[in-house]
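Visitor: when you get a sec, could you give me coordinates for this:
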Amino acid sequence: MIDRPDAHRLLLAVAEALTDEVVPVLSASASASAPVQVADPEAAAARYTARIAANLCRIVAREAELWPQAEAATVADLRGLLGRDGGSLEELSRALDDELRTGAGDLDPGSVHRVLSAAAGRRLAIARPSYGDDLGGGHRS
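Guide: This is a model prediction of the structure:
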């Protein structure tokens, strides 16, 4: 059987190549070309772009790895909060928005806070895992 790398591994490989191979070459060529440390705007822009591309690859890789579980947990939390048996994340989010906006539901503010905080934490674990370190948690990928 021939295994092929999944999207998660491919994205991490691209991020690693950009960070470990492209950015150092750009940094070395910028400093080697100038006898006095003069910032080359084109090299600086290329380094910045490479770092951004590497970061985006890592975010997408974390999303591929973590989103299915994060979405399922958020859906379960919203169903419990709203007292529903079904519904997609979008439908449940819309229903919660409607109940909060109109005040039609009898939602416990503490429960709403817990559900929304947990959902925000799951999204942060994907988009910016180091942010969780400041909050006492965080996921590394």
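Visitor: elements contacting the longest helix anywhere in the chain?
Guide: Counting residues, the longest helix found in the chain (DSSP state H) is helix 41-82. Judged by 3 or more CB pairs under 8 Å, 6 or more residues apart in numbering; DSSP states H and E, helix 41-82 is in contact with helix 7-17, helix 23-32, helix 89-102, helix 109-127. For glycine as for every other residue, the C-beta is placed from the backbone atoms N, C-alpha and C.
Visitor: and the spatially most central residue of the chain, what does it touch?
Guide: Nearest to the mean C-alpha position of the chain, counting by CA atoms, centre = their mean, stands A127 at 1.8 Å. Counting by CB atoms under 8 Å, 6 or more residues apart in numbering, A127 touches I59, R62.
Visitor: go again using 7 Å as the cut-off
Guide: Counting by CB atoms under 7 Å, 6 or more residues apart in numbering, A127 touches I59.
Visitor: tell me how far it lies from L89.
Guide: Between A127 and L89 the computed distance is 16 Å (CB to CB, to the nearest Å).
Visitor: repeat for G80
Guide: Relative to L89, and taking CB to CB, G80 is found at 14 Å.
Visitor: more neighbours: these two, which one.
Guide: L89 (14 against 11; other CB atoms under 10 Å).
Visitor: spit out the contact partners of E16.
Guide: E16 neighbours (CB under 7 Å, 6+ apart): none.
Visitor: again, 8 Å this time
Guide: A54.
Visitor: swap in the one 10 residues further on?
Guide: L26 makes contact with A43, A46, R47, A50 under the criterion CB under 8 Å, 6+ apart.
Visitor: which one (most neighbours) among the residues you listed?
Guide: Most surrounded of the contacts of L26: other CB under 10 Å gives A50, at 21 neighbours.
Visitor: is A73 in contact with A118, as I believe?
Guide: Yes - judged on CB atoms under 8 Å, A73 makes contact with A118 at a distance of 7.3 Å.
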